[in-house]
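A.B. asks: Build me a structure from this.
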Amino acid sequence: MATLRKLPSGSWNIQVRRKGEPPITKTFKTKVNRPGNRGGSLV
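C.D. replies: Numbers count the residues shown, from 1 in each chain. Sure, this is the predicted structure:
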């Protein structure tokens, strides 16, 4: 499951959680830079 959060600084924090694996967390300056908007992947 992926969770997107807008931080007080204006950056976006994305966390992906998969059963049996540690969570993956990335932070982006704008929502446009996140991998889902350009076909990229966090994994």
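A.B. asks: Could you use CA atoms for every contact and neighbour count after this?
C.D. replies: OK.
A.B. asks: ok, now which ones touch the nearest residue to Lys31 once chain neighbours are set aside?
C.D. replies: What sits nearest to Lys31 in space, not counting adjacent residues and going by Cα to Cα, 6 or more residues apart in numbering, is Trp12, at 6.2 Å. By Cα atoms under 8 Å, 6 or more residues apart in numbering, Trp12 lies in contact with 4-6, 27-31.
A.B. asks: Relative to Gly20, which of those is nearest.
C.D. replies: For the contacts of Trp12, the closest approach to Gly20 (Cα to Cα) belongs to Leu4, at 20.7 Å.
A.B. asks: That closest one and Glu21, how far apart?
C.D. replies: 19 Å (Cα to Cα, to the nearest Å).
A.B. asks: Neighbour count: those two, which is higher?
C.D. replies: Leu4 (15 against 8; other Cα atoms under 10 Å).
A.B. asks: give me the beta-bridge partners of the more buried one?
C.D. replies: Beta bridges link Leu4 to Ile14, judged by DSSP bridges.
A.B. asks: doesn't Thr25 make contact with it?
C.D. replies: No: applying Cα atoms under 8 Å, one finds Leu4 not in contact with Thr25, separated by 10.0 Å.
A.B. asks: Can you pull the residues that touch both of these two?
C.D. replies: Listed as contacting both Leu4 and Thr25 by Cα under 8 Å, 6+ apart are 13-15.
A.B. asks: I'd like to know which of the residues you listed are buried.
C.D. replies: Buried by 16 or more other Cα atoms under 10 Å: 13-14, out of the shared contacts of Leu4 and Thr25.
A.B. asks: can you redo the shared contacts of Leu4 and Thr25 as a markdown table with pLDDT?
C.D. replies: Listed next are those as a markdown table, based on pLDDT from 0 to 100:
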| residue | pLDDT |
| --- | --- |
| Asn13 | 92 |
| Ile14 | 91 |
| Gln15 | 94 |
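A.B. asks: what stretches of the chain score poorly on pLDDT?
C.D. replies: 32-43 (pLDDT under 70).
A.B. asks: Okay then, goodbye and thanks.
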